[in-house]
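Peer 1: the following comprises the amino acid sequence and a computationally predicted model.
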Amino acid sequence: MHTLPLNELASITNGQWITEPTDTAPVTGLTSDSREVTTNLAFAAIRGEKTDGHEYIAKAIASGARLVIVEQDIDPDSIHHTCPILRVDRTIDALGKLATEHRNRLSVPVVAVVGANGKTSTKAAIACAIGSFAHVRSAPKSFNNDLGVPLTLLNTTADHEAVVCEIGTNDPGETAPLAAMVQPNILVITGAGREHLEGLGSVEGSASEIESCLASMQQNSFIITNADEPFTSNLTAPECTTTRIGFHENADARVFIDEQSIDGITMTLRAPVLLGTPVTLHLHTIAAHSARTASMALAASMCVAQRTGRNTREILPGIISAISNRQPEPMRMEVSSHQTGNGALTLINDAYNANPDSMQSAMETLAAIAYGHMRVVLVLGDMRETGTHAQAVHKELADHIVSLRDQARLEIVAFLVGTSVKWTHDRLCQAGIASHLFVEHQSCSDETAAQIAEHAKPNDLVLLKASRSIGLERVAEHLVRQNAPISR
């Protein structure tokens, strides 16, 4: 918020001062969490489903808040106020207006990541790559909605040389306003897919949301797309340069997997226009699509380097090193080894989220890295927000598991948590795969997690994957508690 003097905030938000500022100096940033308030930060009181930020105004002021934004009338004397208080109609809307104005005044390159799968991992990889040569502001965690995007932008300071935002959606029409707020110079499209089917309806619905970002692209900007995904691979915008990255032979920057195992991936990127000569990277990730993610991160960071006047040849080795040394995001194909009995158990924690496409990708990854004497333990849960597609996609999941068994000739046992996975369970039983169903209407209980963890054996390869609300990380907690970690 460093570009926004205090005396302009009321006009930008159409708000009114309950207590007016005594000076015009801008605040350094903003938070909606009173626990994060420090001196010179603004506090935005937001009324949520579980908590109401207005109940924490006094705490925020006591912690040194320089400004408070509220959406209800308050008596300033009742909270011992020591800072300006701005009254707006709706706090989240006001933050969007402030973020848009702040973005208009920023002169640094802004990257936006959008797509059905892998947004957070791609955003983190891009920020890591840019961070090897510049001070970068990146969206924390999965800050990709009408609150997270404004917070990312508003906490960009004068010291930042680039910004990386993440744009998400659950329903039609949510992406375009966020893209208009971000106004990206560099748009990275991970691809359309079967995400949030309950709201978006289809892959076409997902692609339509992504395409809506193009109207907010600035001129002479860059678009980086997934060459392997037909719905968005050819998206472009006037006076923008598009680079298609992927495994497809027609990709502008083509990815080759040289080696893939439980220890990681060795890959080569051939991008004559972007890089000239091929480059090789060694990744700490195990899924093939992470090689494309790494390549997108490299491309996006090179675009930022170009826009900030860096010598791309000089900084390329640092970018490659940063990407190669990066660890996976927590609960996103996160691999760990644990001593159990007379052997080692390998855990792949991918419990952060799941949809039909990411489930298929997970099975393909197992087929590539598992080997004959391993027993593969699949701890899977419901793919939620699939609407009328629920039965079909959960039966489809069973088909992928059966293919995994038949093609890789693996011993497989499945532990299924939720309600929709009953369709997966039935089909697995018909196919002769050992399947255990734990009906949970909300999330995985601690009792269920403990029961599943007790079935782990030496040399097992265990995959955890489900929609976030299932909470399969509880199974990971029990496995870690029962089995000592081994350094990788």
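Peer 2: All right, it came through fine.

Peer 1: can you pull out the helices in the stretch 251-400 of the chain?
Peer 2: Listed in chain order, the helices found in the stretch 251-400 of the chain under DSSP state H, counting those that start in this stretch are 289-307, 312-325, 356-369, 390-408.

Peer 1: am I right that residue 428 is in contact with residue 415?
Peer 2: No - shown here, residue 428 and residue 415 do not form a contact pair, counting by C-beta atoms under 8 Å, at 10.9 Å. Backbone N, C-alpha and C define where each C-beta goes, glycine included.

Peer 1: give me the common contacts of the two.
Peer 2: Both residue 428 and residue 415 are in contact with residue 435, where contact means C-beta atoms under 8 Å, 6 or more residues apart in numbering.

Peer 1: show me the shaky parts of the stretch 301-450 of the chain.
Peer 2: Where the stretch 301-450 of the chain drops to pLDDT under 70, the residues are 372-373.

Peer 1: show me the contacts for the residue nearest to residue 279 when sequence neighbours are not counted.
Peer 2: Spatially, and ignoring its direct neighbours in sequence, residue 279 is nearest to residue 269 (5.3 Å; C-beta to C-beta, 6 or more residues apart in numbering). The neighbours of residue 269, taking C-beta under 8 Å, 6+ apart as the test, are 253-256, 275, 278-281, 294-295, 298.

Peer 1: buried ones only from those, please, as a PyMOL command.
Peer 2: Applying 16 or more other C-beta atoms under 10 Å to the contacts of residue 269, the buried members can be selected in PyMOL as follows:
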select buried, resi 253+254+255+275+279+281+294+295+298
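
Peer 1: show me which of the contacts of residue 269 is closest to residue 246.
Peer 2: residue 255 (6.1 Å; C-beta to C-beta).

Peer 1: mind listing what's buried in stretch 323-341?
Peer 2: Applying 16+ other C-beta under 10 Å to stretch 323-341 flags 323-324, 326, 328-329, 331-338, 340 as buried.

Peer 1: of the residues you listed, which belong to strands?
Peer 2: Within those, residues falling in strands by DSSP state E are 334-338, 340.

Peer 1: can you give me the helices for the stretch 1-150 of the chain?
Peer 2: Using DSSP H, counting those that start in this stretch, the helices of the stretch 1-150 of the chain run over residues 9-13, 57-62, 91-105, 119-130, 148-154.

Peer 1: pull out the buried residues from the third one.
Peer 2: Read that as helix 91-105. Applying 16+ other C-beta under 10 Å to helix 91-105 flags 91-92, 94-103 as buried.

Peer 1: and the first one, by the same measure?
Peer 2: Judged by neighbour count (16+ other C-beta under 10 Å), helix 9-13 contains these buried residues: 9-10, 13.

Peer 1: still on that earlier bit, want to throw the ones in strands among the buried residues of stretch 323-341 into JSON lines with distance to residue 137?
Peer 2: Converted to JSON lines, these look like this (distance: C-beta to C-beta, whole Å):
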{"residue": "334", "distance to residue 137": "25"}
{"residue": "335", "distance to residue 137": "29"}
{"residue": "336", "distance to residue 137": "30"}
{"residue": "337", "distance to residue 137": "35"}
{"residue": "338", "distance to residue 137": "36"}
{"residue": "340", "distance to residue 137": "42"}
